[in-house]
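**Q** quick one, what's the 3D model for this:
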Amino acid sequence: MKRNIVAIVAVAGIVVACAPGSQTPASPAAAGTSQVKPAQPAQGAATPSAGIKKADQTVAEIYAGQNGLLGTVVKVRGKVVKFSAQIMGKNWVHLQDGTGSAGTNDLTVTTSDSASVGDIVLVSGKISQNRDFGGGYRYALILEDAKVAVEAK
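**A** Numbering: from 1, shown residues only. Below is the predicted model:
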């Protein structure tokens, strides 16, 4: 018995189906998708991980453009990878969205809001640089006094 297997792959939120033995997408009707082609990201643009939609900025874009963003309020969406409650009167969130590399892939956020590890959150806060809170809490880049909205658990 011959089996026809169709591979379905999600790339940047777009579902693409490929026919057996093919590396090109099947027809949109076979894939169950529309014929609308997604816009291509700009050269060197950072694309968040699957399941995380880009807000105004990605974590990598915040690191890359931090000097121009200093003191401004930015929105970023990502996954909570660490949450520390009430340290020095603040909740501390470590946020990742799948962009960046070692040293530019984890954004520290201070907030009065709560979240849990694994939550997908939309964060809006002010960019600061070279913040030394004492007690070993020193950050070259940090998002402060943020509003955190949990979007998915």
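**Q** so which residues of this structure form strands?
**A** Assigned strands in the chain, in chain order: 7-11, 14-18, 73-87, 90-96, 107-111, 120-132, 138-152 (criterion: DSSP state E).
**Q** G98 contacts P48, doesn't it?
**A** Yes: look at G98 against P48 with C-beta atoms under 8 Å: they come within range, at 5.1 Å. Using the backbone N, CA and C atoms, a C-beta is placed for each residue, glycine as well.
**Q** identify the contacts common to these two.
**A** Here G98 and P48 have G78 as joint contacts, going by C-beta atoms under 8 Å, 6 or more residues apart in numbering.
**Q** which residue of the two possesses the greater neighbour count?
**A** The residue with more neighbours, out of G98 and P48, is P48; 22 against 17, by other C-beta atoms under 10 Å.
**Q** give me the contact list for stretch 92-112.
**A** For stretch 92-112, the surrounding residues in contact (C-beta under 8 Å, 6+ apart) are 46-50, 52, 54, 58-64, 76-84, 90-91, 115, 121, 123, 125, 139, 141-148.
**Q** mind running it again at 7 Å?
**A** With contact meaning C-beta atoms under 7 Å, 6 or more residues apart in numbering, stretch 92-112 is reached by 46-49, 52, 58-60, 62-63, 76-84, 90-91, 115, 123, 125, 139, 142-146, 148.
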